[in-house]
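In: 3D model of this:
(one chain, ligands or ions: 1)
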Amino acid sequence: MTPDTVTITDNTTGKTIECPVYRGTYGPAVIDTKRLYSELGMFTLDPGFVTTASCRSAITFLDGDKGILLYRGYPIEQLAEHSYFLEVAYLLIYGDLPTARQMAEFDSHIREHSMVHEHLIKFYGGYRYDAHPMSIMVGVIGAMASYYHDTIDIYDQGDRDANALRILAKMPNIASKCYKYGVGQPFVYPNNALGYIENFMHMMFAQPSEPFVTNPVAIYALDLLFILHADHEQNASTSAVRLAGSTESNPYTCIAAGIATLWGRAHGGANEAVVHMLEEIQDIKNVRKYVDRAKDKNGSYRLMGFGHRVYKNYDPRAAIIRKACHAVLDAMGASAHRPMLEIAMELERIALEDDYFIERKLYPNVDFYSGIILKALEIPRRMYTVLFAIARTAGWLAQWMEMITDADFRIGRPRQIYIGSETRDYVPVAKRN
Ligand code: ACO
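Out: Alright, predicted model coming up:
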């Protein structure tokens, strides 16, 4: 066996194949098992894709053991400190940090595309007044496909760029309308004199009857959260975007697939679930009871915001948010939210000293503290995952665009082990027992 191959032998037949081994810039080596089926007649089984690389990607790298996260090679800590969301979005989509001129152009295009087609607004009216905003997001983004589907050539770079820009630009507008619809307030048009985050806050909270002033601390905090949520390699929602895109579907439906997948509590829905859990705990003195409940093997209760498929050390995004959380609460004068932060810190302390969590390498993830910040910013809870979706759209688009230009681009089609009945004959209903 050479260092660049792995030999796989079928011990039943004695047949052997040499599988190439690829090494990326960082991360574990990857065995290419493509010939396994044609030569040995076998598939691999990896439920949850724990050890399966689905693609080559140059966008994001994370090392779960060392707690490292890089966007296009830049450490997340540096981007969080020095960059801002729209610049990070450019970096993810185009591969490099923009020059001043490139950024000015990008920013101006984003502003120009902030409006949505007036007819699109009618889709909101089809939802119940109390619909979850993520449900509205899935539907409205999907509906956008109907405006552009016939004119998109996904193999044309100009078309890809134009539609990616359009989606990114319109996300805050579409998201803010989900909130306005639920509270029965009039939709607010974008104000293109405002930056991306500020415009979003304006569309969320402004009312025609009074002037609206955004708080710079809130803009800073949201921008930071957006940077931290912008991409995260081949997670569930990104894989859903790629799988939908692999069928040559248009980018609007691919993003709708991503939003649908993000919604679940095990993924983006965790930020909402964390605040629910902290409220339920109510008091520091109850924390241990909840930790014990999460450890009970007879129950299904889990500490929300704890654990991650890849991070087995500490989620570097959680470390950044944890620090920001104190600063934001102080700057906002949000002392009412202090008890919640204190419960969170106590929960983290007890869990991190507990053998159950140590043995399973369960640490707070990005969502553990983000909900507390969003609560302090008075963002309605059901909008938390929607905000995550706006930020992650940058990553989804970057991944979708990368996939289409990949030399290996083809429809995604996992295989299975069939464990159902053997072939049997149809029995007419009268003869069934
Ligand atoms: N609380 C208590 N126990 C947990 C938790 C938790 N939050 N997470 C995992 N465990 C336990 C499991 O019960 C399991 O124990 P066992 O080995 O005794 O059976 C062990 O840790 C491994 O858990 P898995 O479910 O196999 O880990 P997996 O990698 O499949 O799941 C996940 C990762 C979904 C994030 C999980 O840790 C979880 O449900 N966490 C809570 C929800 C959450 O915070 N999700 C946000 C993730 S980050 C994001 O998407 C932005």
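In: Determine the set of other helices and strands touching the top strand by length along the chain.
Out: When the chain is parsed with DSSP state E, its longest strand is strand 16-22. With contacts defined as 3 or more Cβ pairs under 8 Å, 6 or more residues apart in numbering; DSSP states H and E, strand 16-22 has these neighbours: strand 5-9, strand 30-31. Where C-beta positions appear, they are placed from N, C-alpha and C, glycine not excepted.
In: mean confidence for that strand?
Out: Per-region confidence: strand 16-22 scores 96 on mean pLDDT.
In: Quickly run through the sheet partners of that strand, with directions.
Out: Its sheet considered, strand 16-22 pairs with strand 5-9 (antiparallel), strand 30-31 (antiparallel) by DSSP bridges.
In: Just the residues contacting that strand, thanks.
Out: Residues from elsewhere that reach strand 16-22 (Cβ atoms under 8 Å, 6 or more residues apart in numbering): 1, 3-10, 29-33, 35-36, 39-40.
In: Please apply the same query to stretch 278-293.
Out: Here stretch 278-293 makes contact (Cβ under 8 Å, 6+ apart) with 277, 299, 301, 303, 339-340, 342-344, 346-347, 350-351, 354, 371-372.
In: of these, list those near the ligand.
Out: Contacts with the ligand within these, as defined by Cβ under 6 Å from any ligand atom: residue 303.
In: Could you single out the most deeply buried of the strands paired with strand 16-22?
Out: Of all the strands paired with strand 16-22, strand 30-31 carries the top mean neighbour count, a mean of 16, counting by mean count of other Cβ atoms under 10 Å.
In: Name the surrounding residues that touch that one.
Out: Contacts to strand 30-31, defined as Cβ under 8 Å, 6+ apart, come from residues 6, 19, 20, 21, 22, 23, 24, 53.
In: Figure out which of the strands paired with strand 16-22 is closest to the ligand.
Out: Smallest distance to the ligand across the strands paired with strand 16-22 (Cβ to the nearest ligand atom): 19.4 Å, for strand 30-31.
In: For stretch 198-218, buried residues please.
Out: 198, 199, 200, 201, 202, 203, 204, 205, 206, 214, 217, 218 (16 or more other Cβ atoms under 10 Å).
In: just checking, which of those belong to helices?
Out: 198, 199, 200, 201, 202, 203, 204, 205, 217, 218 (DSSP state H).
In: Widest-spaced pair of these?
Out: 203 and 217 (19.0 Å; Cβ to Cβ).
In: list the contacts for the residue of the chain found nearest the ligand?
Out: Of all residues in the chain, the one sitting closest to the ligand is residue 307 (2.3 Å; Cβ to the nearest ligand atom). Applying Cβ under 8 Å, 6+ apart, one finds that residue 307 lies in contact with 360, 362, 363, 365.
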